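Novice: Need a 3D model of the following:
(one chain, ligands or ions: 1)
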Amino acid sequence: MNVPFLDLRGAYEEARDAIDAALGRVAASGRYIGGAEVEAFEQEWAAFVGCSHCVGTGNGLDALTLGLRALGIGPGDDVIVPGHTFVATWLAVSHCGARPLPVDVESDSANIDPARIEAAITPKTRAIVVVHLYGRPVEMDAIVAIARRHHLLVVEDAAQAHGARFRDRQVGSLGDLAAWSFYPGKNLGALGDAGAVTTNDPELARRIAQLGNYGSSRKYVHELQGFNSRLDPMQAAVLRAKLPYLRAWNLRRRSLARRYNEALAGLPGLRLPEPAPHVESAWHLYTIRHARREELRHALSARGIETLVHYPIAPHLQQAYAEAYEAEELPVTRRLCGELLSLPFGPHLRPEQEQRVIEALTQALRVLS
Ligand SMILES: *Cc1c(COP(=O)(O)O)cnc(C)c1O
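Specialist: Residues are numbered from 1 along each chain as shown. As a prediction, the model looks like this:
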């Protein structure tokens, strides 16, 4: 039996009636940009996150970029980012004309290390972008305290953390704004690209909506040089159909993570993801660590198990950034990029697939050691 890393058809099949009805509703409405479905999803997502405002965008990268721009980030500014993240976190800063200032991550959580932030702050630093990587919340109390001391803005890249909680507070409501992606593989995924920003600042929400709509709040009147990045009503309707499943799907993710952790405990050389008790991960990914990751990956592949590496090349080592960051060390990021491995995972992984992953990994490690 082959086990794919992720098969999104399971989510569609479970929510099929609601999704099909949603798509039909939009098709029959005659309204294909903005409108009632977009407004309704924005309200429902704001309520889920516990924020007063939500603005839909075309995707997660745009949510981050427009959010940073609306906060006034621009050329000459530095923005602190984690060294280890999906490249979009960095690109959003660059697309504002600002400079990403990387801070190395914690070895255990793979999240930005609050203890290293203050040493990185420059006179030009305006904001910290944190990423709740793999769904595991960042240490937000420490981040917010540093931001207050240095008068910095806090932006949450919550693209992997739908429904995660930090000390019983909902992730995405803990900074000045949060950027969400509803890329199909995320915990709440559309049937294409989609994104959103949540915030409690009405003026900020207004500016983001304006920036994403050609810099206009009234048709053919343009106060800003904006962009076209709006939440598609088809995707908004799909997201409304899937949102009622999110809590249950996250619970299934958490149970699967527990079962993996129990079944894989004590295997030689393996490090398992174990979030601290005061956080509730959204378990976007189940990511293990092994010093001989490439050999392990091949051994699993030979047994029909598809795995992915999130992420093999850190942003500062990508060609897009390498020249500007030649002197950057980020030793923890570098080590994690060589050791991390994400296993097949998700609310629709079948029990026999789960068993197969556990068996294959156990065998593969026995051969390796
Ligand atoms: C997916 C993702 C994004 C980008 O979202 P898109 O909708 O694909 O543009 C940004 N940051 C992180 C951490 C992500 O995982």
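Novice: what about the strands in the stretch 51-200 of the chain?
Specialist: Remark: strands assigned in the stretch 51-200 of the chain by DSSP state E, counting those that start in this stretch are 53-57, 78-82, 99-103, 125-131, 153-157, 165-166, 169-170, 177-181, 195-199.
Novice: same question for the longest one, mean pLDDT?
Specialist: So the one you mean is strand 125-131. Strand 125-131 shows a mean pLDDT of 98.
Novice: tell me what that strand is packed against?
Specialist: helix 60-70, strand 78-82, helix 88-95, helix 140-150, strand 153-157 (3 or more C-beta pairs under 8 Å, 6 or more residues apart in numbering; DSSP states H and E). C-betas here are computed from N, CA, C, even on glycine.
Novice: The ligand: which of these is closest?
Specialist: The ligand sits nearest to helix 60-70 of all these, at 2.4 Å, using C-beta to the nearest ligand atom.
Novice: what pLDDT, on average, does that closest one get?
Specialist: Rounded mean pLDDT across helix 60-70 is 98.
Novice: Rounded mean pLDDT for stretch 243-262, please.
Specialist: On average, stretch 243-262 scores 98.
Novice: Please disregard the earlier target; I meant stretch 199-215.
Specialist: 98.
Novice: where's that stretch relative to the chain centroid, distance-wise?
Specialist: Distance of stretch 199-215 from the chain centroid (C-alpha atoms, centre = their mean, to the nearest Å) equals 21 Å.
Novice: ok, and for it, which residues are buried?
Specialist: Residues of stretch 199-215 classed as buried: 199, 201, 204-205, 207-214 (neighbour count, 16 or more other C-beta atoms under 10 Å).
Novice: what's the answer for stretch 86-97, then?
Specialist: 86-96.
Novice: And stretch 225-232, by the same measure?
Specialist: 226-227, 229-232.
Novice: ditto for stretch 354-361
Specialist: 354, 356-358, 360-361.
Novice: repeat for stretch 257-267
Specialist: In stretch 257-267, counting by 16+ other C-beta under 10 Å, buried: 257, 260, 263-264, 267.
Novice: Please enumerate residues in contact with that stretch?
Specialist: 270, 272-274, 281, 283, 286, 288, 343, 345, 354, 357-358, 361-362, 365 (C-beta atoms under 8 Å, 6 or more residues apart in numbering).
Novice: Narrow those to those in strands?
Specialist: residue 288 (DSSP state E).
Novice: just checking: which of the buried residues of stretch 86-97 also lie near the ligand?
Specialist: 86, 88-89 (C-beta under 6 Å from any ligand atom).
Novice: What residues of the host helix or strand of residue 13 count as buried?
Specialist: According to DSSP states H and E, residue 13 maps onto helix 9-14. Judged by neighbour count using 16+ other C-beta under 10 Å, the buried positions of helix 9-14 are 11-12, 14.
Novice: what's the answer for stretch 277-291, then?
Specialist: For stretch 277-291, by 16+ other C-beta under 10 Å, it's 279-290.
Novice: can you count the residues close to residue 332?
Specialist: Per other C-beta atoms under 10 Å, the neighbour tally for residue 332 reads 18.
Novice: Contacts only, for it.
Specialist: Contacts of residue 332 (C-beta under 8 Å, 6+ apart): 83-84, 104-107, 113.
Novice: No further questions, thank you.
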